[in-house]
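**Q** 3D, please:
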Amino acid sequence: MDTHQLPGVEPPYTLDARLPPAIAQAAEDLGVKKAHTDTLTLLALAVLAGAFVALGGLFATITWSGAEGMVPYGVMRLLGGLVFSLGLVLVVVGGAQLFTGDALLVMAWASGRLSIREMLRVWTLVWLGNFVGALGTAVLVYLSGQYTFGHGAVGATALYIATTKSALPVVQAFFLGILCNVLVCLAVWLALGARGVGDKIAAIVLPVSAFVAAGFEHCVANMYFVPLGMLIQWGAPDSFWAELHKSFPSIDTGHFLLNLGAVTLGNWVGGALLVGAVYWFIYRRPATRH
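**A** Below is the predicted model:
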């Protein structure tokens, strides 16, 4: 069959992975396309991405529940990272707009194909949409009572994650955010080099697993983890606490929002400067373009 007749197939008609210079070109082209997406579509895709990352967080929470003391720490973190990869797989393969991955828009800006205003518009709308999607998913999970499963073990893990993340010192949260988005943007970069769905998934899983296993901080994931912990603290029934047999420190909303800002900034630095800007310099600055 002539490949020109296949729906959704664009040149070049090959299953070979893109080489790094072609990935850089694809990242720029994608950035321009995102910047020209209308506002409602951009917001809707961003809400989806927030929900997708939250589903990855839900999967990781279940995986970690009851594992402490039973599974070595490193193995437990690795397993959580593997299942958390679901979030970015859904974003990349299913189609959605994620703030952390959109840090790569700096490549199109550096090449003069986007204005600062266009770039800031995308980042602002996508960050807000991600927050809505992640928070909405946290509300749904809370209302479902899923946190009570495993005799409260799932809720205990959710509370541990939320209280730990919300209490991080701001400077530490910033640097953990940098390291996180280096790996997330490398996962997106590798996925841009893939041609098939299986290749994209394979490219995503290891970098995402690495950042989760290492305990790095992802702003969109925190938009799910911490609000879920707050909801449990504020509204869980007495029967849940009676089964839990332990207490957790109260989550300070103000400190959470401060931390979220620090992680967001760290994610931007890691993705935009340490991945996007570096690859632009190597492959897309005028002296290296072909």
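**Q** so which residues of the stretch 101-250 of the chain form helices?
**A** Applying DSSP state H, counting those that start in this stretch to the stretch 101-250 of the chain gives helices spanning 106-110, 116-144, 153-166, 170-193, 197-214, 219-235, 238-244.
**Q** what packs against the second one?
**A** For helix 116-144, the elements it packs on are helix 20-35, helix 39-64, helix 106-110, helix 219-235, judged by 3 or more Cβ pairs under 8 Å, 6 or more residues apart in numbering; DSSP states H and E. C-betas here are computed from N, CA, C, even on glycine.
**Q** one more time with 10 Å
**A** helix 20-35, helix 39-64, helix 106-110, helix 153-166, helix 219-235, helix 253-268 (3 or more Cβ pairs under 10 Å, 6 or more residues apart in numbering; DSSP states H and E).
**Q** how far does the longest one sit from its chain's centre?
**A** From the chain centre to the centre of helix 39-64 is a distance of 8 Å (Cα atoms, centre = their mean, to the nearest Å).
**Q** that helix to helix 116-144, inter-axis angle?
**A** 50 degrees (axes from the mean of the first three to the mean of the last three Cα atoms, to 10 degrees).
**Q** list the buried ones in helix 39-64?
**A** For helix 39-64, a neighbour-count test (16 or more other Cβ atoms under 10 Å) marks 42-64 as buried.
**Q** do the last one as well
**A** Residues of helix 253-268 classed as buried under the neighbour-count rule (16+ other Cβ under 10 Å) are 256, 259, 260, 262, 263, 264, 266, 267, 268.
**Q** how about the fourth one?
**A** Buried residues in helix 153-166, counting neighbours by 16+ other Cβ under 10 Å, are found at 153-163, 165-166.
**Q** what residues does the helix-or-strand element of the chain with minimal mean pLDDT touch?
**A** Within the chain, confidence by mean pLDDT, DSSP states H and E is lowest for helix 238-244 among all helices and strands, at a mean of 89. Around helix 238-244, the neighbours that count as contacts under Cβ atoms under 10 Å, 6 or more residues apart in numbering are 145, 147-148, 150-153, 155-156, 159, 232-233, 236-237, 247.
**Q** now with 7 Å?
**A** For helix 238-244, contacts defined as Cβ atoms under 7 Å, 6 or more residues apart in numbering pick out 148, 151, 152, 155, 156.
**Q** before we move on, back to that, with distance to residue 273 added, can I get the helices of the stretch 101-250 of the chain in JSON lines?
**A** Listed next are the helices of the stretch 101-250 of the chain as JSON lines, based on distance: least, Cβ to Cβ, whole Å:
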{"stretch": "helix 106-110", "distance to residue 273": "8"}
{"stretch": "helix 116-144", "distance to residue 273": "14"}
{"stretch": "helix 153-166", "distance to residue 273": "24"}
{"stretch": "helix 170-193", "distance to residue 273": "9"}
{"stretch": "helix 197-214", "distance to residue 273": "17"}
{"stretch": "helix 219-235", "distance to residue 273": "16"}
{"stretch": "helix 238-244", "distance to residue 273": "42"}
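**Q** can you say which helix or strand has residue 98 in it?
**A** Using DSSP states H and E, no element contains residue 98; it sits outside every helix and strand.
**Q** shaky segments in the stretch 51-200 of the chain?
**A** Along the stretch 51-200 of the chain, no part satisfies pLDDT under 70.
**Q** circling back to that earlier point, which of the helices and strands packed on helix 116-144 sits closest to residue 99?
**A** helix 219-235 (6.2 Å; Cβ to Cβ).
**Q** got the contacts of helix 238-244 as TSV, with distance to residue 87 columns?
**A** Listed next are these as TSV, based on distance: Cβ to Cβ, whole Å:
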residue	distance to residue 87
148	23
151	27
152	25
155	21
156	22
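**Q** who touches residue 283 in this structure?
**A** 20, 21, 24.
**Q** residue 138 is nearest to which of the helices and strands packed on helix 116-144?
**A** Comparing these by Cβ to Cβ, helix 219-235 comes nearest, at 4.1 Å.
**Q** alright, calling it a day.
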